[in-house]
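Engineer: Provided below are the primary sequence and the corresponding predicted coordinates.
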Amino acid sequence: MKLTFAYSPCPNDTFMFEPIVSGRIDTEGLRFEIHLADVEELNRSALKDAYDITKLSFNAYTKLTPQYQLLNSGSALGRKCGPLLISKKPMSVNDVKTGNIAIPGKNTTANFLLSFAYPDLQNKSEMIFSEVESSVLSDNTDAGVIIHENRFTFQEKGLVQIKDLGEYWEEKTGYPIPLGGIVTRRKFTKELKQKIDRVIARSVAYAMSNPESGNEYIRSHAQEMNIEVMKSHINLYVNEFSANIGTEGRGAIYHLFDNHPQVEKGDYEKPLFVPEGNKESANDFLTENYWTSRYDNNMSGWDVGKITPPIKNYVDLLENKTIAILIPGAGNAHEAEYLHNQGFTNVTVCDLSENPLKNLKLRCPSFPDQNLIEGDFFDLDSKYDLIIEQTFFCAIDPDLREKYAKHMKSLLKPKGQLVGLMFDIIFPFNGPPFGGIAEQYRKLFSKHFDQVSIEKCTTSIAPRLGNEVFVKIGSSK
């Protein structure tokens, strides 16, 4: 079956979809006729129902829910990655309100975010995104909203930032910035939409696992963009929300819809997203290369930069600092860093990727090398008094959870404990992260342990509050 697929020539899109173009992945019999265009041109084409699958701005999507449904992968959301309002000189709020502002298309999310920050603006000049800077520099407009690669280079041209519109959205809403997504025709059968969703997800996963594979294709459409700017562009806009939009990403989009000046609250076609289909085995792509590329490209949204409060509160009550502690799937291992700095002498971390272990060693040069294990958790065979769970359980294929429980049992010393956090939510997408509910965990671990405590966590970090349980699992003998 042949489908038309339109996206922008920007590096984040060409990066994510090059595996489809180059035939690197299984497309399940689907063939794609590719069309590349500026995002505002894509928005206008979507208003004309031009393509079977298309990238568009979330702002434009508010007008298109009867025709299209959002896919769960391929979106551009994030933090500190929004459009910028720039000018040749500083401007007051009143100057902005009365000035002539260049925008990269009335249907773009950039225009919505400008109106979100300056609701009384009246005088806007619409143009292609690449012309905004020159319009400001030539004094044809007083200020302009820049997107894409221009946000990396505007200062080199003597322009100044008036407001970070994405940052303003984050401050006011707490949500990541919803920029653009991939949609397909709502009228397609459920089976076809789910097949398209799987193929897009597979393409993004392949690109993230093999970040250099599409360089030639990406450069050919990057309009002579500097290679470092190109990489910065990809790193900024391709992240965990691109892999799967997740609960937080969905929340950002629903918030945009429910607070949009041209959308009657709740008055849009539902559901917004293509429903989740049959889950594929994650073992095909959750490889060492996949995780390494995510660290290399700063795609580690699970990493909050420090030990989380529930784990810290538990650790602070431990008196014996010589016990053998394991942190599997440790990532950047902020828990291990904290334990080491608190004087715990026998902490071991294990991760499939070498990079986060190197990061830990850079932060803690005295951390013992022999306790840094690059390898598969399921290959470990030592014994531990305590195993700390923090985002590892949710990163492995759920098909491996029975194996996880059995292996935990084999690694714990008599009366040892598995302690930590697990998600208490069913995610509406294929992970990682993979969700679950407390009752499932209780049933799983009770088969192998006689002491299973699973309680709702009340001290989670804000984005996860209400969606985590604190587990303490062990045996009485």
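Structural biologist: Structure received.
Engineer: and Cys350, which of the three is it?
Structural biologist: Of the three states, Cys350 takes strand according to DSSP: H, G, I helix; E, B strand; the rest coil.
Engineer: Surely it is in contact with Gly329?
Structural biologist: Yes - using Cβ atoms under 8 Å, Cys350 is in contact with Gly329, at 7.2 Å. C-beta coordinates here come from the backbone N, C-alpha and C atoms, glycine included.
Engineer: which residues are common contacts for the two?
Structural biologist: Phe377 (Cβ atoms under 8 Å, 6 or more residues apart in numbering).
Engineer: How about Arg401: what's its closest non-neighbour residue?
Structural biologist: Distance criterion Cβ to Cβ, 6 or more residues apart in numbering; nearest residue to Arg401, sequence neighbours excluded, is Leu444 at 6.0 Å.
Engineer: What is the subsequent helix or strand relative to the helix or strand harbouring the one you found?
Structural biologist: In the assignment (DSSP states H and E), Leu444 maps to helix 438-446. With elements assigned by DSSP H and E, the helix or strand that comes after helix 438-446 is strand 451-456.
Engineer: Sheet partners, orientation included, of that following strand?
Structural biologist: strand 468-474 (antiparallel) (DSSP bridges).
Engineer: Tell me the predicted confidence for the residue nearest to Arg401.
Structural biologist: For Leu444, the model assigns a pLDDT of 94.
Engineer: That one contacts Ala405, doesn't it?
Structural biologist: Yes - if you go by Cβ under 8 Å, Leu444 and Ala405 touch, sitting 5.4 Å apart.
Engineer: so where's the longest strand in the chain?
Structural biologist: strand 412-423 (DSSP state E).
Engineer: what secondary structure does Gly266 sit in?
Structural biologist: Gly266 - assigned by three-state DSSP - is coil.
Engineer: how many neighbours does it have?
Structural biologist: Gly266 has 9 neighbouring residues, counting by other Cβ atoms under 10 Å.
Engineer: mind listing what it touches?
Structural biologist: Neighbouring residues of Gly266 by Cβ under 8 Å, 6+ apart: Asp258.
Engineer: separation between it and Tyr254?
Structural biologist: 10 Å (Cβ to Cβ, to the nearest Å).
Engineer: How about Arg186?
Structural biologist: 17 Å.
Engineer: Repeat that for Asp13.
Structural biologist: Asp13 sits at a distance of 24 Å from Tyr254 (criterion: Cβ to Cβ).
Engineer: between those two, who's got more neighbours?
Structural biologist: Between Asp13 and Tyr254, Asp13 has the larger neighbour count (other Cβ under 10 Å), namely 25 against 15.
Engineer: Which residue lies closest in space to the more buried one, excluding its sequence neighbours?
Structural biologist: Nearest to Asp13 is Tyr7, by Cβ to Cβ, 6+ apart, at 4.2 Å.
Engineer: In terms of secondary structure, what does the host helix or strand of Ala46 contact?
Structural biologist: In this assignment (DSSP H and E), Ala46 forms part of helix 39-47. Judged by 3 or more Cβ pairs under 8 Å, 6 or more residues apart in numbering; DSSP states H and E, helix 39-47 is in contact with strand 2-7, strand 53-57, helix 58-61.
Engineer: can you give me the mean pLDDT across the last one?
Structural biologist: Pointing back at helix 58-61 there. Rounded mean pLDDT across helix 58-61 is 94.
Engineer: Next: the longest one.
Structural biologist: Along strand 2-7, the predicted local confidence has a mean pLDDT of 96.
Engineer: pLDDT score assigned to Pro432?
Structural biologist: pLDDT, Pro432: 74.
Engineer: Would you list the phi and psi of the closest residue to it other than its chain neighbours?
Structural biologist: Distances taken as Cβ to Cβ, 6+ apart place Ala395 nearest to Pro432, at 4.8 Å, with adjacent residues excluded. Note on Ala395: its backbone torsions stand at phi -100, psi -10 [degrees, to the nearest 10].
Engineer: Can you point out the buried residues in the helix or strand hosting Glu337?
Structural biologist: Assigned by DSSP H and E, Glu337 belongs to helix 334-341. Within helix 334-341, the residues scored as buried using 16 or more other Cβ atoms under 10 Å are 334-340.
Engineer: if you go through the stretch 301-450 of the chain in chain order, where are the strands?
Structural biologist: Along the stretch 301-450 of the chain, the segments classed as strands by DSSP state E, counting those that start in this stretch run 325-328, 347-351, 372-374, 384-390, 412-423.
Engineer: domains in this protein, as residue ranges please.
Structural biologist: 2-76+179-278, 84-173, 309-474 (automatic domain parsing).
Engineer: pLDDT averaged over the second one, what's the number?
Structural biologist: In other words, domain 84-173. 91.
Engineer: Can you list the low-confidence ranges for the stretch 301-450 of the chain?
Structural biologist: Low-confidence segments of the stretch 301-450 of the chain (pLDDT under 70): 301-304, 427-431.
Engineer: could you redo the last one with a cut-off of 90?
Structural biologist: Filtered on pLDDT under 90, the stretch 301-450 of the chain yields the residue ranges 301-308, 329-333, 352-359, 374-376, 378-381, 390-392, 394-399, 424-436.
Engineer: wouldn't Asp424 be in contact with Asn467 here?
Structural biologist: Yes - Asp424 lies in contact with Asn467 (Cβ under 8 Å); the separation is 5.7 Å.
Engineer: Which one of those two is surrounded by more residues?
Structural biologist: Asp424 (23 against 16).
Engineer: Pull the contacting residues for the more buried one.
Structural biologist: Neighbours of Asp424 in contact, by Cβ under 8 Å, 6+ apart: 435-438, 456-457, 467-469.
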